[in-house]
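> below are the sequence and a predicted model; questions follow.
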Amino acid sequence: MESGAIFISIGQTEISNLIQICNEIFGEENRAGIVTRVMKSGGNKGKYFSPNTEYIVIYTKSTFFAQGFKDELSENLIKKVYNQIETIGEKTGQKYRTMGLYQSSLDPMRGCTNQRYFIETPDGSLVIPQGDNFPEDKYEGAQISPKTERDKVWRWTFATYLKEKGKGNVEFKKSKNGVLINSDGKPSEWNIYTKIWLKDRQEEGRIPVDFIDKFENRHSAKELQELGIPFDFAKPSELMAHLVKIMGVYHNEIVLIFCWVCIFCSWDN
């Protein structure tokens, strides 16, 4: 069960004690995270603040073997971000979003020695990220190592650029921002984007956030009332399903739920 994980629901008053105990049992290095969960909205109990949240403390049997920890892309994110549709090639009809091949946040002095080079645009001009130093030769792929932090770089090496361009994952657009410069050091009218496909991202999933504002306890109270089961402070079954889904548990795995406060997941068949 090296790939197993445990989820423990706990309130504010006992979370520090729980962490100390779990550090001793599982090892602090195997703590995957502490998720804040909204258990109710409103209320007027408490001395200084009305407690509306609790915590889910997650430990893995071994962070080296841990799997899962992926969530689905929300429909709101898909609608808002993946709003472009391919019109040519094998991926016609597929949704995607674009991201600039040049990102100003990239630090050129950290392992990017081969990521400053010329790229040829549709009109034949050469472009490169902003900077003070340029390749001596003027042809696509001619490169120079960044000499200062002002010499910006692409996200990809030239070999990766050619590979992704061949797969149709590069897009040229005219831009008025002038974020790239040409071989003469003047602002270019072109910008270069890479395509990020919705289908690929859905298969990869996204890293879940450490805040859950759905699945309030009132949902579990209604569930148990309909079943005729008297039980206080139960966790909603939708919350259980959400945590199981994050771990990528679908079949041939063991899921143990006890006292409605903990989940233990194993990927051993």
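That came in fine, so what should we check first? Residues are numbered from 1 along each chain as shown.
> distance between the ends of stretch 223-234?
10 Å (C-alpha to C-alpha, to the nearest Å).
> and for stretch 100-107?
Stretch 100-107 has an end-to-end distance of 15 Å (C-alpha to C-alpha).
> what's the answer for stretch 103-117, then?
14 Å.
> same question, stretch 41-60
Using C-alpha to C-alpha, one end of stretch 41-60 lies 30 Å from the other.
> from S105, how far out is the residue of the chain most remote from its centre?
Residue farthest from the centre of the chain, counting by C-alpha atoms, centre = their mean, is G228 at 40.4 Å. Counting by C-beta to C-beta, to the nearest Å, the gap from G228 to S105 is 56 Å. No exception for glycine: its C-beta is placed from N, CA and C like everyone else's.
> again with K70
25 Å.
> so between the two, which is more surrounded?
Between K70 and S105, counted using other C-beta atoms under 10 Å, the more crowded position is K70 (15 against 5).
> check contacts around the residue nearest to the more buried one when sequence neighbours are not counted.
In space, and not counting its chain neighbours, K70 is closest to G205: 3.2 Å by C-beta to C-beta, 6 or more residues apart in numbering. The neighbourhood of G205, defined by C-beta atoms under 8 Å, 6 or more residues apart in numbering, consists of K70, D71, E72, L73.
> tell me which of those fall in strands.
Using DSSP state E, no member of the contacts of G205 sits in strands.
> which one of those is nearest G141?
Comparing these against G141 with C-beta to C-beta picks out L73 as the nearest, at 35.0 Å.
> and the strands in the stretch 1-150 of the chain?
Taking DSSP state E, counting those that start in this stretch as the criterion, the stretch 1-150 of the chain contains strands spanning 5-10, 31-38, 53-60, 84-85, 95-100, 119-120, 126-129.
> thanks again, I'm all set now.
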